[in-house]
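*Asks:* need a structure here:
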Amino acid sequence: MSASQPSYVYRPMTAADTPSAHALSVQLKWPHRLEDWAMLQRVSEGFVVLDGERLIGSAFTCPQGKFATIGLVIVSDDYQGKGIGRRLMEYALEACHSCTPMLNATLAGAPLYVSQGFVEFGRVQQHQGQAQAPALEALADGEECRPLRAADQARQLELANAGSGLDRQAVLTDLFGVVEQSVGIERDGQLRAFALLRPFGRGRCLGPVIAETPEQAKHLIAMLLAQVPEAFVRIDIPADSGLGEWLEQAGLKQVDTVAQMALGTPPQAVNGVRQFALVTQAIG
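*Replies:* Numbering: from 1, shown residues only. Model (predicted):
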């Protein structure tokens, strides 16, 4: 008689699951803090799989308007090869409903998602290191960089939506509560670009950065780096942003590249702005 197959339990993730889920990322030596997991759990629909009382896998779907980003699909090392990751992906995809699914995949894992119908539409570079504030990029005539205020939040959301092509209402509302530093560029009495800095992982995360030009983005990033001298900073940028070499010179070395993938037509930036730095790889 053959041995019976183990019976794993798949269910929605709750806030009480975040410590055990965080432990999964610690095993992988990922830098996420418990607070980073809690943030994703608040703005996303999460799923976990358990073997008895042990949490052995996770996945998230973060709905953002007509799109939904999938992230932190993790299976414990000693449960690999049992189809658990594929099952978690099925749950994550079902949670997208009519939204177009998106994810950021390691280059090694991208072929698996291609086999599921995902198409690569870009690359994201992860840069990190001890921050060294570069010289400020000159702004155009009539532009002014200033700290952001609570009254700017509605305009920040408008810019974030336009630059990413996603609905950032839930994500930005949550971020506003944890941001340490924020700056924006104003012209003709209206906010045109902004950047946020917050605690994340081993230090700080810089993003999102929404701007009209690379020069604006560089100015904003340099302003924020000057606020945290010698801090460990991470920033995830589109590979075609034009910021890579400049960030390297600022001490933020490129340490990884992932593939941006969508199961359908990817989002498009509008209104003359674009996203120069992501919120996180899991959220986009």
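
*Asks:* Walking through the stretch 1-150 of the chain, point out its strands one by one.
*Replies:* For the stretch 1-150 of the chain, strands defined by DSSP state E, counting those that start in this stretch occupy the ranges 9-12, 45-51, 54-64, 67-75, 100-106, 119-130, 143-147.

*Asks:* what mean pLDDT does the longest one have?
*Replies:* By that I understand strand 119-130. Strand 119-130 shows a mean pLDDT of 97.

*Asks:* okay, and the helix or strand of this protein with the least pLDDT?
*Replies:* Lowest by mean pLDDT, DSSP states H and E among the helices and strands of the chain is helix 110-115, with a mean of 88.

*Asks:* hang on, the earlier thing: could you dump the strands of the stretch 1-150 of the chain to TSV with distance to G272 and mean neighbour count?
*Replies:* The C-beta positions use only the backbone N, C-alpha and C, and glycine is treated the same way. Shown next, in TSV, are the strands of the stretch 1-150 of the chain (distance: least, CB to CB, whole Å; neighbours: other CB atoms under 10 Å):
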stretch	distance to G272	mean neighbour count
strand 9-12	40	12
strand 45-51	33	21
strand 54-64	21	23
strand 67-75	21	24
strand 100-106	23	21
strand 119-130	19	17
strand 143-147	14	13
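
*Asks:* Any idea which of these gets closest to P267?
*Replies:* strand 67-75 (5.5 Å; CB to CB).

*Asks:* Okay, angle between the closest one and strand 54-64 too, please.
*Replies:* 170 degrees (axes from the mean of the first three to the mean of the last three CA atoms, to 10 degrees).

*Asks:* Count the residues that sit near R86.
*Replies:* Using other CB atoms under 10 Å, R86 has 12 other residues around it.

*Asks:* Could you tell me which residues make contact with it?
*Replies:* For R86, the contact set (CB atoms under 8 Å, 6 or more residues apart in numbering) is empty.

*Asks:* P111 versus that one, what's the distance?
*Replies:* 14 Å (CB to CB, to the nearest Å).

*Asks:* E90 now?
*Replies:* According to CB to CB, E90 and P111 sit 18 Å apart.

*Asks:* what about L157, is that helix, strand or coil?
*Replies:* Of the three states, L157 takes helix according to DSSP: H, G, I helix; E, B strand; the rest coil.

*Asks:* so who does it touch?
*Replies:* Contacts here follow CB under 8 Å, 6+ apart; on that basis L157 touches R168, Q169, L172.

*Asks:* Can you tell me which of those residues comes closest to T257?
*Replies:* Using CB to CB, the contacts of L157 come closest to T257 at R168, 24.0 Å.

*Asks:* For P134, report the pLDDT, please.
*Replies:* Looking at P134, its pLDDT stands at 87.

*Asks:* how about the nearest residue to it, chain neighbours excluded?
*Replies:* Leaving aside its chain neighbours, P134 sits nearest to A250 (4.5 Å; criterion: CB to CB, 6 or more residues apart in numbering).

*Asks:* Now do the buried residues in the longest helix along the chain.
*Replies:* Looking across the chain with DSSP state H, the single longest helix is helix 214-227. Residues of helix 214-227 classed as buried by neighbour count (16 or more other CB atoms under 10 Å): E215, Q216, A217, K218, H219, L220, I221, A222, M223, L224, L225, Q227.

*Asks:* Pull the residues that contact that helix.
*Replies:* In contact with helix 214-227 (CB under 8 Å, 6+ apart) are residues 131-140, 143, 145, 180-181, 183-185, 192-195, 197, 206, 209, 211, 233, 235, 241-243, 246-247, 250, 276-277.

*Asks:* Just the buried ones from those residues?
*Replies:* Neighbour counting with 16+ other CB under 10 Å marks 131, 133-134, 137, 139, 143, 145, 181, 183-185, 192-195, 197, 206, 209, 211, 233, 235, 241, 243, 246-247, 250, 276-277 as buried within the contacts of helix 214-227.

*Asks:* Find the nearest non-adjacent residue to F60, please.
*Replies:* With CB to CB, 6+ apart as the criterion, F60 has its nearest non-adjacent residue at 4.3 Å, and that residue is S44.
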